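Participant: let me see the structure of the following:
(chains A and B)
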Number of protein chains: 2
Amino acid sequence: MEQRVSLITLGVADLERARSFYGALGWRGQEVQETVFFQAGGLGLVLWSREDLARDSGLDDGRGTGFGGIVLAHNARSREEVDALLASAQQAGATLAKPAATTFYGGYAGCFADPDGHLWEIAHNPGFPLAEDGSLTIPDLGPR
Amino acid sequence: MEQRVSLITLGVADLERARSFYGALGWRGQEVQETVFFQAGGLGLVLWSREDLARDSGLDDGRGTGFGGIVLAHNARSREEVDALLASAQQAGATLAKPAATTFYGGYAGCFADPDGHLWEIAHNPGFPLAEDGSLTIPDLGPR
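Facilitator: Numbering: from 1, shown residues only, chains lettered A, B, ... in the order given. Below is the predicted model of the structure:
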């Protein structure tokens, strides 16, 4: 299995609400057949009915509650950008799950939950370089 | 907010089990401070304690049950590769959530759940081109 991810599909209760939310953050996608596709670097981030997503994945239970065990991160280029992005997200309808603060690794991060509860950490991590195009390269993490 | 994802962190109950699973699929990462970092195209896929991940994200509940509402997809280059990857995953300890079958969009896909229940769709989608480096570009989806 090649070491890569092609798509991240977020199950949503209300497609229009979800699309508006990401649209308010400046994301532009293509909507087709009640599905929204955003190009996100080298992969696609997709919004689709949570119920259909569960069924399409072979599950008969589309409910699920609480923490799903996955957090997406969006690394920003500065602490100021972290603050600005968290503020934008809240203005767009997100819930602040964790206010921005200095992290154990010497960075600065906070978390929001999107309208469907999907968690995004917004982080500035000086140790994880971002390329001009936004791609992230994990550095050599040293002796372990 | 730039239109990209930097990290996908999968909360896991047993780091060694999870690392072995992805290792059996051929993924190679760096382990540091009880965290495993895999370079996955232009982002990092991270394995970390589910409990710590929940707490770090501002949640006091690390439990959560059932479908978390997110599915990752790994697009393969052929139907044969879909079958081979699903078989490898099962040999490595995954549960087949949905056997491979022709999809509504004319592709071929099946789903497995990793040892922590994280869902991966393995798909061949002739309409979504993969570059040589594995990055996916969402095509023009036509009139909508």
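Participant: all strands for chain A, in order.
Facilitator: Assigned by DSSP state E, chain A shows strands spanning A:7-12, A:30-32, A:35-40, A:43-49, A:70-75, A:95-102, A:108-113, A:119-124.
Participant: distance to chain B, mean neighbour count and mean pLDDT for these - can I get that in a markdown table?
Facilitator: All C-beta atoms are positioned from the backbone trio N, CA, C, and that covers glycine. Shown next, in a markdown table, are these (distance: least, C-beta to the nearest C-beta, whole Å; neighbours: other C-beta atoms under 10 Å in any protein chain shown; pLDDT from 0 to 100):
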| stretch | distance to chain B | mean neighbour count | mean pLDDT |
| --- | --- | --- | --- |
| strand A:7-12 | 4 | 24 | 88 |
| strand A:30-32 | 4 | 14 | 88 |
| strand A:35-40 | 5 | 20 | 91 |
| strand A:43-49 | 5 | 23 | 89 |
| strand A:70-75 | 4 | 24 | 87 |
| strand A:95-102 | 3 | 15 | 91 |
| strand A:108-113 | 5 | 23 | 90 |
| strand A:119-124 | 5 | 24 | 90 |
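Participant: to A:Asp83, which of those lies closest?
Facilitator: Closest to A:Asp83 of these, according to C-beta to C-beta: strand A:95-102, at 6.0 Å.
Participant: who touches the closest one?
Facilitator: Outside strand A:95-102, the residues that touch it by C-beta atoms under 8 Å, 6 or more residues apart in numbering or on different chains are A:79, A:82-83, A:86, A:89-90, A:108-113, A:119, A:122, B:56-59.
Participant: burial measure for A:Ser78, as a count.
Facilitator: 11 (other C-beta atoms under 10 Å in any protein chain shown).
Participant: does chain B sit close to the lengthiest helix in chain A?
Facilitator: Secondary structure of chain A per DSSP state H: the longest helix is helix A:79-91. Yes. Helix A:79-91 is in contact with chain B by C-beta under 8 Å from any C-beta of the partner chain, via A:Leu85, A:Ser88, A:Ala89.
Participant: which elements pack onto that helix?
Facilitator: Under the contact definition 3 or more C-beta pairs under 8 Å, 6 or more residues apart in numbering or on different chains; DSSP states H and E, helix A:79-91 sits against strand A:95-102, strand A:108-113, strand A:119-124.
Participant: break chain A into its domains for me.
Facilitator: According to automatic domain parsing, chain A comprises the domains A:1-65, A:67-144.
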